[in-house]
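Peer 1: need a structure here:
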Amino acid sequence: MKRACIVAALLVVATLSACNTVKGAGQDIQKGGEKIENSAEQHS
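Peer 2: Alright, predicted model coming up:
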């Protein structure tokens, strides 16, 4: 029973950290897109 609780806790932590990583990557991509858009607007 103790082992099952440890495994479950590790899975939860892994899932939550993956969500943060994907969210952070999405924010980085969005910021990069905004910079490209701003650059394109300045040069047109």
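
Peer 1: take stretch 34-44, keep the C-alpha atoms, and write them as PDB.
Peer 2: Written as PDB, here are the backbone C-alpha positions of stretch 34-44 (Å, rounded to 0.1, in the frame of the first residue of the first chain):
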ATOM      1  CA  GLU A  34       4.700  38.800 -31.100                       C
ATOM      2  CA  LYS A  35       8.300  39.900 -31.700                       C
ATOM      3  CA  ILE A  36       8.100  38.700 -35.300                       C
ATOM      4  CA  GLU A  37       4.800  40.400 -35.700                       C
ATOM      5  CA  ASN A  38       6.100  43.700 -34.300                       C
ATOM      6  CA  SER A  39       9.200  43.500 -36.500                       C
ATOM      7  CA  ALA A  40       7.000  42.900 -39.600                       C
ATOM      8  CA  GLU A  41       4.800  45.900 -38.700                       C
ATOM      9  CA  GLN A  42       7.900  48.200 -38.300                       C
ATOM     10  CA  HIS A  43       9.300  47.200 -41.700                       C
ATOM     11  CA  SER A  44       6.200  47.500 -43.800                       C
END
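
Peer 1: tell me the average confidence for it?
Peer 2: Here stretch 34-44 scores 85 as its mean pLDDT.

Peer 1: how distant is it from the center of its chain?
Peer 2: 25 Å (Cα atoms, centre = their mean, to the nearest Å).

Peer 1: do the same with stretch 25-32
Peer 2: 9 Å.

Peer 1: cool, and stretch 4-20?
Peer 2: 16 Å.

Peer 1: what residues does that stretch touch?
Peer 2: Outside of stretch 4-20, no residue comes within contact range by Cβ atoms under 8 Å, 6 or more residues apart in numbering. All C-beta atoms are positioned from the backbone trio N, CA, C, and that covers glycine.

Peer 1: for the remainder of this discussion, apply numbering that starts at 15.
Peer 2: Got it, first residue is 15 now, which makes that one stretch 18-34.

Peer 1: any regions of this structure where pLDDT drops low?
Peer 2: Applying pLDDT under 70 to the chain flags residues 33.

Peer 1: switch the cut-off to 90
Peer 2: 15-43, 45-47, 49-58 (pLDDT under 90).

Peer 1: what are the ranges of the helices in it?
Peer 2: 16-56 (DSSP state H).
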